[in-house]
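build me a structure from this.
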Amino acid sequence: MFASIATHYNRVNRWITWGQDVRWRREALDRACLPGGGKLLDLGTGTGDLVLEALQRDHSICGIGADFTPEMMHQGRIRPGGASVSWVNTDALELPFKQGTFDAVVSGYLLRNVIDVERALAEQYRVVKPGGWVVCLDTTPPPRDLWHFPVRLYLRHIIPFLGRLISGDVTAYKYLPASTESFLQADELVNRMLRVGFKDVGYRSFMGCTMALHWGAKSGN
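Presented below is the predicted three-dimensional model:
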């Protein structure tokens, strides 16, 4: 599914988030607290938005983009700066990196797509250095309040319409709202991170509480 929308992925994301996803990714990198010359893993990198933004900020870092879909990473390779990234085809549940390899791990729209969220978080915890941060940007189910109806209308009808209009793929952009509504609430994801062992866990919601940025640090110095 992701292979089929790879060439249109970035453009659709900008449209369905009104361009706000760029700002959210920048905040994700701010939260990662990556030191100069540090090593960053962008997990579920897709077309490399996070790792490319990090390299644009600081050319001294070592940026790794890892994803399950080669076609998505191919789009990242041919973007400006793509040759500076090390691209790795891997499963988020079985990372091929040693314990404590990275100064920070970031992800954008990864967790709702894995079959075992806690295992994915545990792998990120394993490969980040003690004291390093893991930051996850993802969708969250809309809250049951006054905004619930318009938000569901947008998720179930406007997003599939825009996705089909731009990419020609209706299946992928029906999956997006369905996976959003079935994913963990923001507080539940906090609890999963705490169970894995993260400390100083927090989150911030965006876009009518349909997006959330979570962060947590690995214990130790």
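
pull the longest strand from the protein.
Longest strand in the chain by number of residues (criterion: DSSP state E): strand 128-139.

next, the contact list for the residue nearest to V88 when sequence neighbours are not counted, please.
Spatial nearest neighbour of V88, excluding adjacent residues (C-beta to C-beta, 6 or more residues apart in numbering): A66 at 4.3 Å. (Glycine included, C-beta is placed from N, CA and C.) The contact partners of A66, by C-beta atoms under 8 Å, 6 or more residues apart in numbering, come to L41, D42, L43, G44, T45, W87, V88, N89, T90, A92, L95.

is it fair to say C209 lies in a strand?
No: counting by DSSP: H, G, I helix; E, B strand; the rest coil, C209 is not part of a strand but coil.

returning to that earlier point: which of the contacts of A66 sits closest to V117?
A92 (9.9 Å; C-beta to C-beta).

the closest one - how many residues pack around it?
Residues contacting A92 under the criterion other C-beta atoms under 10 Å number 23.

and the gap between the residue nearest to V88 and L41?
According to C-beta to C-beta, to the nearest Å, A66 stands 6 Å off from L41.

all the strands of this structure, in order from the start?
Going by DSSP E, the chain shows strands at 39-43, 62-67, 86-89, 102-108, 128-139, 199-206, 211-217.

in the sheet, who's paired with the residue lying closest to M73 once chain neighbours are set aside?
Distance criterion C-beta to C-beta, 6+ apart; nearest residue to M73, sequence neighbours excluded, is W87 at 4.8 Å. When bridges are called by DSSP bridges, W87 pairs up with G65.
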